[in-house]
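Engineer: All I have is the shape, not the residue letters:
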């Protein structure tokens, strides 16, 4: 029996379904998708491992008096580089959560069991937020913890151990960014009617396109990933940057626009068989 059919066993056609029941159904569905669970576990393990490895390498280079081998990175900066690329994991997670249904055509089974499309869309969004949040918290604070195993994080005067100012705020900024970019990917997968298409679009934007455009036009800083990255930038802000507050608002607007568009289209579009 397909996972999508199993997931909706608790919702009978024609019954009045509450959001709580819809969320439970979508949670059950996510737990049956091994690819999503593997993505969550893999993201946490890989992020923590890379943070530990890179922190050790940079610390060793500075202790040996060869800081040039660290490519100009300090311990705190390298730590944020790993967390920045960790967003790939939650982008994959959000895309896979829709790929199972939208790309395989099994979404029809879900809507037969739960005809209220708005409830389905909202419940999926809640589950994506929860999954991305859990993944982000374990990855970010796990990386911060393992980093302090590699170096003395209490040595504030040490250039190697120097963590970003307002460490807690920066870490929560990374978590907030991961959650928002995951929801954006999810909404885009509904708009494009394909989890794989959304995954490719967001990954290309975050890893290639925006990095290229930011050197060409200042408008690139309003792209979702560039604006959202301001949530965890090291202070003081670079002249011309949006800053954490403005960057967060810009990303939130992108997410809201994507969700509204997804809702409008999802209510009207035919479902693949």
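Structural biologist: Yes, it's here. All of these numbers come straight from a predicted model, not from anything done at the bench. Residues are numbered from 1 along each chain as shown.

Engineer: Report the separation between residue 239 and residue 231.
Structural biologist: According to CB to CB, to the nearest Å, residue 239 stands 18 Å off from residue 231. C-beta here means a position set from N, CA and C on the backbone, and glycine is covered the same way.

Engineer: Correction: the previous question concerned residue 254.
Structural biologist: Look at residue 254 and residue 231: by CB to CB, they are 13 Å apart.

Engineer: can you check residue 195 too?
Structural biologist: As judged by CB to CB, residue 195 and residue 231 stand 25 Å apart.

Engineer: Give me the more crowded residue out of residue 239 and residue 231.
Structural biologist: residue 231 (23 against 5; other CB atoms under 10 Å).

Engineer: what's the closest non-adjacent residue to that one?
Structural biologist: residue 173 (3.7 Å; CB to CB, 6 or more residues apart in numbering).

Engineer: Beyond the helix or strand hosting the one you found, next helix or strand please.
Structural biologist: For residue 173, the element it lies in under DSSP states H and E is helix 167-192. Counting by DSSP H and E, the element after helix 167-192 in chain order, helix or strand, is helix 195-204.

Engineer: So for that next one, mean pLDDT?
Structural biologist: Averaged across helix 195-204, pLDDT comes to 90.

Engineer: angle of that helix against helix 167-192?
Structural biologist: Calculated by axes from the mean of the first three to the mean of the last three CA atoms, to 10 degrees, helix 195-204 forms an angle of 140 degrees with helix 167-192.

Engineer: Please point out which parts of helix 195-204 sit buried.
Structural biologist: Residues 195, 197-199, 201-203 are the ones in helix 195-204 that count as buried (16 or more other CB atoms under 10 Å).

Engineer: Any regions of the stretch 51-200 of the chain where pLDDT drops low?
Structural biologist: Counting by pLDDT under 70, the stretch 51-200 of the chain shows low-confidence ranges at 61-78, 99-117, 150-167.
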